[in-house]
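Trainee: let me see the structure of the following:
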Amino acid sequence: MAVDRNMQVLIVDDYKTMLRIIRNLLRQLEFNNIDEATDGTTALAKLRRKDFGLVISDWNMEPMTGLQLLREVRSDQKLKHIPFIMVTAESKTENVVAAKQAGVSNYIVKPFNAETLKSKLVSVLGPF
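Mentor: Presented below is the predicted three-dimensional model:
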């Protein structure tokens with residue numbers, strides 16, 4: 001089954017430049033229904049209001065971290081099926097382990113390019 005590039009994608013990052021970079025990379029990959037949130041609390045509210053097919057979230061945010069957001073999503077019956085990709089500047093083993101235990105679908109270490117993002121999306125969503 002082909003990946004639906006018209007699905008709603010939610011990108012979450014407290015750094016506006018990173019939101020813009022990820023949005024542009026997704027557009028290069030022909031994903032056009034992109035919404036964004038600058039913190040986990042806002043992201044969670046959006047996830048509960050609209051149907052999203054994918055979440056790409058930064059790890060380091062205040063007051064709710066990406067890991068806390070992931071845990072909230074995975075503990076919610078209506079949201080737990082949504083693929084969730086964590087983005088972080090740190091590749092610490094304990095972070096990767098914590099994210100995996102919390103149910104992350106995949107993990108991207110900054111900096112990254114369109115090719116890296118595409119390979120992570122393919123591993124999570126399937127080929128497109």
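
Trainee: what's the burial count for residue 73?
Mentor: For residue 73, the neighbour count with other CB atoms under 10 Å is 25. Every residue, glycine included, has its C-beta placed from N, CA and C.

Trainee: typo on my end, it should be residue 24
Mentor: Per other CB under 10 Å, the neighbour tally for residue 24 reads 12.

Trainee: ok, the one 5 residues further on next?
Mentor: Residue 29: 17 surrounding residues under other CB under 10 Å.

Trainee: next, give phi and psi for it.
Mentor: When quoted as degrees, to the nearest 10, the phi and psi of residue 29 stand at phi -90, psi 10.

Trainee: surely it is in contact with residue 116?
Mentor: No - Residue 29 lies out of contact with residue 116 (CB atoms under 8 Å); the separation is 11.3 Å.

Trainee: can you pull the pLDDT of the residue nearest to residue 43 when sequence neighbours are not counted?
Mentor: Closest residue to residue 43 apart from its sequence neighbours, by CB to CB, 6 or more residues apart in numbering: residue 37 at 3.8 Å. With respect to pLDDT, residue 37 scores 97.
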